[in-house]
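> Here is a sequence together with a model predicted from it:
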Amino acid sequence: MSDRSAVDTIRGYFYQFDLSILSLLRLADGNDSIEVECIEDIDIRTASAMSAVQCKYYAKTEYNHSVIKEAVMYMLSHFKEVKLGNKPKIKYILNGHYASGQDKLSKGIDVEFLKRHFLTYTTNKVEHYHHTELGLDDNDLANFLSVLTVDIHAPELEKQFQDVIDHLEVEFNCKPFSAEFFYYNNALRVIRELSIQSDPVKRTITKKQFLERVDTASILFNEWFVERKGKKHHLAALRAEYFTTLNISPFERFFLIEVDTASYVRDELKDLLFALSKKWAKLSRLEPSPFCPYVFIQGIAEDELVSLKRDLHMEGFKFVDGYDYKGAVFDPNSIAQKASYSNGIKIKILNTLNDLKATLVVVTKTRKVFQFHFGKSYFEYNNPSVGHVRIQIEQLSDIKAVI
């Protein structure tokens, strides 16, 4: 598959995923559901009706009847089973976006048009009629057309995506960034997980279930979401939302960093600590409210943490950790002391999650917690007075790109 072909295929996947999300958000009742990749791309089930939706995305291709012919024939075969009483009655929907050619269906579809353009095919120079093979007459075809909707004016990919974001903003009463990075990110993950299930029952989800699974407070590193934006743009957008300020407010910022023991390099972690201090500390003599960041490192061995501190000390990088003398217990008031030009404290290192919790209690200024994690979130702190942002990363260097 060529690079261009691969990109087009991926865009087609996104188009179907987005339509699935949009179909769920448009459902009127929480118990209404969709089934992904069952009868068609999407099956929509409400209390009163069921619809099978197939979507085509050909942004660079002219519309021709042959493009949807196979899908129409398949739907008619299903319609025959409905007529025989073998399957429940449903509505059939074909959505498609094309570069041009929409005028070819400008007059709609009647029975003769249906037979000539969608149900007639040739094999070995012999003409076949799909409706005749199914034993369906013109009256049956008229009934089929009454439950068939063909829309070849479906919106292009980015317009449909924006429609999804608009619906998420309304559904969760949130801003565009949250709609995209929290809810759409999670929605994409949910639909992707459904689509790869082998059991049709496991590819079914109600609107209520969907909203519950989407409503999480963590920015997950969903490879499909990152694929859509590109990793560089993904990290840049996070930086713009959380870590770009012209005038940095003197808040107490807590950076929670997870390290991967399999790929851990002390020097890489030290560089990150230096970068955090450089960006998020203000210690000049003229600064009226000096401050520096707090750091907690998840996954680091205790002896390695000691070695890291020894390196920082030997390099003249001043820090405090809440332990004032050998044998002392942790004192949150000690680590919460004000950093200043005179004392030169550049960073505050928290040794345990309990130390972190104790410090969050004694600090009275505005507190912001930024948690970076590889797998599941490892710190929960339910206090409406404390901002808590959870960001899943792929590697430690991602944090440096974000902050």
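Cool, got the structure.

> ranges for the strands of the stretch 51-200 of the chain?
For the stretch 51-200 of the chain, the strands defined by DSSP state E, counting those that start in this stretch cover 91-100, 120-123, 126-129, 148-151.

> For residue 202, find the nearest of those strands.
With C-beta to C-beta, the closest approach to residue 202 among the strands of the stretch 51-200 of the chain belongs to strand 91-100: 23.4 Å. Glycine gets a C-beta too; all of them are placed from N, C-alpha and C.

> Does anything pack onto that closest one? Which helices or strands?
strand 50-62, helix 65-83, strand 148-151 (3 or more C-beta pairs under 8 Å, 6 or more residues apart in numbering; DSSP states H and E).

> Just the mean pLDDT for that strand, thanks.
Model confidence over strand 91-100, given as mean pLDDT, is 93.

> Flag every buried residue along that strand.
92, 93, 94, 95, 96, 97, 98 (16 or more other C-beta atoms under 10 Å).

> For the residue nearest to the last one when sequence neighbours are not counted, grab the count of nearby residues.
It refers to residue 98. Excluding the flanking residues, the one nearest residue 98 by C-beta to C-beta, 6 or more residues apart in numbering is residue 63, at 3.9 Å. Per other C-beta atoms under 10 Å, the neighbour tally for residue 63 reads 21.

> So residue 63 sits against residue 152, correct?
Yes: judged on C-beta atoms under 8 Å, residue 63 makes contact with residue 152 at a distance of 5.4 Å.

> what do these two both touch?
Residues touching both residue 63 and residue 152 by C-beta atoms under 8 Å, 6 or more residues apart in numbering: 96, 98, 101, 102, 105.

> I'd like those residues written out as CSV, with distance to residue 32 added.
Below are those laid out as CSV (distance: C-beta to C-beta, whole Å):
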residue, distance to residue 32
96, 24
98, 30
101, 34
102, 31
105, 30
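
> Among the strands of the stretch 51-200 of the chain, which comes closest to residue 20?
Between the strands of the stretch 51-200 of the chain, strand 91-100 lies closest to residue 20; by C-beta to C-beta that is 11.8 Å.

> Paired strands for the closest one, with orientation please.
strand 50-62 (parallel), strand 148-151 (parallel) (DSSP bridges).

> Let me know the angle separating that strand from helix 65-83.
Put simply, strand 91-100 runs at 180 degrees to helix 65-83, going by axes from the mean of the first three to the mean of the last three C-alpha atoms, to 10 degrees.

> Now do the strands in the stretch 251-400 of the chain.
Taking DSSP E, counting those that start in this stretch as the criterion, the stretch 251-400 of the chain carries its strands at 252-258, 294-298, 319-320, 347-350, 367-373, 386-392.

> Just give me the lowest mean pLDDT stretch among these.
Among these, strand 386-392 scores lowest, with a mean of 92.

> which helices and strands does it pack with?
strand 218-219, strand 367-373.

> Render the CA-only coordinates of the last one in PDB, please.
Taking C-alpha atoms only, strand 367-373 is exported to PDB below (Å, rounded to 0.1, in the frame of the first residue of the first chain):
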ATOM      1  CA  ARG A 367      -2.200  24.700  43.900                       C
ATOM      2  CA  LYS A 368      -1.900  23.000  40.500                       C
ATOM      3  CA  VAL A 369      -1.000  19.400  40.100                       C
ATOM      4  CA  PHE A 370       0.200  18.100  36.800                       C
ATOM      5  CA  GLN A 371       0.500  14.300  36.700                       C
ATOM      6  CA  PHE A 372       2.300  12.600  33.900                       C
ATOM      7  CA  HIS A 373       1.800   8.800  33.700                       C
END
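
> residues in contact with it?
242, 251-258, 298, 360, 377-379, 381, 385-393, 398-399.

> Buried members of the residues you listed into ChimeraX, please.
Filtering the contacts of strand 367-373 down to the buried ones (16+ other C-beta under 10 Å) takes a single ChimeraX command:
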select :242,251,252,253,254,255,256,257,258,360,377,379,388,389,390,391,392,393,398,399
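
> Could you work out the end-to-end span of stretch 248-257 for me?
For stretch 248-257, the separation between the terminal residues is 21 Å (C-alpha to C-alpha, to the nearest Å).

> And that stretch, how far out from the chain middle?
Taking C-alpha atoms, centre = their mean, to the nearest Å, the mean C-alpha location of stretch 248-257 is offset from the chain mean by 26 Å.

> same check, this time on stretch 143-151
34 Å.
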